[in-house]
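> Please work out how this folds:
(one chain, ligands or ions: 2)
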Amino acid sequence: MGTIGIRPRFLVVMGVSGTGKTTIATGLATRLGWHFQEGDALHPQSNVDKMSAGQPLTDEDRKPWLELCRDWLSKEIDAGHGAVLTCSALKRIYREQLRRDLPVEFIHIRVDPKVLADRMTHRKGHFMPASLLPSQLATFEEPGEDEPVIHVCGEDHPDVVLEKLIQQFRDEENQKELHAAVG
Ligand SMILES: Nc1ncnc2c1ncn2[C@@H]1O[C@H](COP(=O)(O)OP(=O)(O)O)[C@@H](O)[C@H]1O
Ligand SMILES: O=C(O)[C@H](O)[C@@H](O)[C@H](O)[C@H](O)COP(=O)(O)O
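Ligands and ions are numbered 1, 2, ... in the order given. Here you go, the predicted structure:
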């Protein structure tokens, strides 16, 4: 158990560009004392150059990047330390690649596209241009019920999102303890 009674989890905070992945993932890592990795920092330079030039990535571009993301998760799982990674994880096959043989869960942040466009236009110091938002939205595949995904509303204040998530983690721990005691 961690310092506030929550077992280590291995989370990918996902969603299209501008949904607040970095904001939520760093908030969770800070509050829970877990390790954090910015998925954007694992992109090969060729991917960053492509996105900076306003070109969307292809499946082939994303494959080696997703493998680096999975490697990071795998190392954290071996170490047994709670961990949070940001990664757009737009398609089901990408999410399958990330969690292949690993107990990885996703937190999907939903935000209205109009709000996203506004956020991306005002965000400073980031390589991702707002012009790539339509291709992000077109590529995105809504996670299925069979995928290990928690959905959150990214239009709430980040503190509200974080409180709800941590409460959900606590509730799940309590349910497990109850089942163990009864069963
Ligand atoms: N819940 C939120 N409400 C309002 N603005 C937000 C929220 N989450 C993030 N932002 C802002 O939106 C922009 C994108 O957030 P960021 O965390 O970088 O998203 P992502 O990592 O998904 O691209 C930033 O300027 C950030 O401050
Ligand atoms: O798969 C992709 O097309 C990219 O990973 C993309 O989804 C990601 O969003 C960018 O790296 C920009 O970074 P932000 O998501 O932080 O805006």
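> Now for the closest residue to ligand 1 within the chain: which residues touch it?
Per Cβ to the nearest ligand atom, G20 is where the chain lies closest to ligand 1, at 2.9 Å. In short, each C-beta sits where N, CA and C put it, glycine included. By Cβ atoms under 8 Å, 6 or more residues apart in numbering, the contact list for G20 reads 109, 111, 154, 158, 161.
> From the residues you listed, which land in helices?
Members of the contacts of G20 lying in helices (criterion: DSSP state H): 158, 161.
> Buried among the contacts of G20? Make that a PyMOL selection.
Applying 16 or more other Cβ atoms under 10 Å to the contacts of G20 leaves a buried subset, and the PyMOL line that selects it is:
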select buried, resi 109+111+154+161
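> Of the contacts of G20, which is the nearest to ligand 2?
Among those, and counting by Cβ to the nearest ligand atom, the member closest to ligand 2 is I109, at 10.4 Å.
> and H43, how far is that from R31?
27 Å (Cβ to Cβ, to the nearest Å).
> Comparing those two, which shows the higher neighbour count?
For H43 versus R31, neighbours defined as other Cβ atoms under 10 Å are more numerous around H43 (21 against 15).
> and the residue lying closest to that one once chain neighbours are set aside, how far is that from ligand 2?
Spatial nearest neighbour of H43, chain neighbours left out: W65 (5.2 Å); criterion: Cβ to Cβ, 6 or more residues apart in numbering. Look at W65 and ligand 2: by Cβ to the nearest ligand atom, to the nearest Å, they are 7 Å apart.
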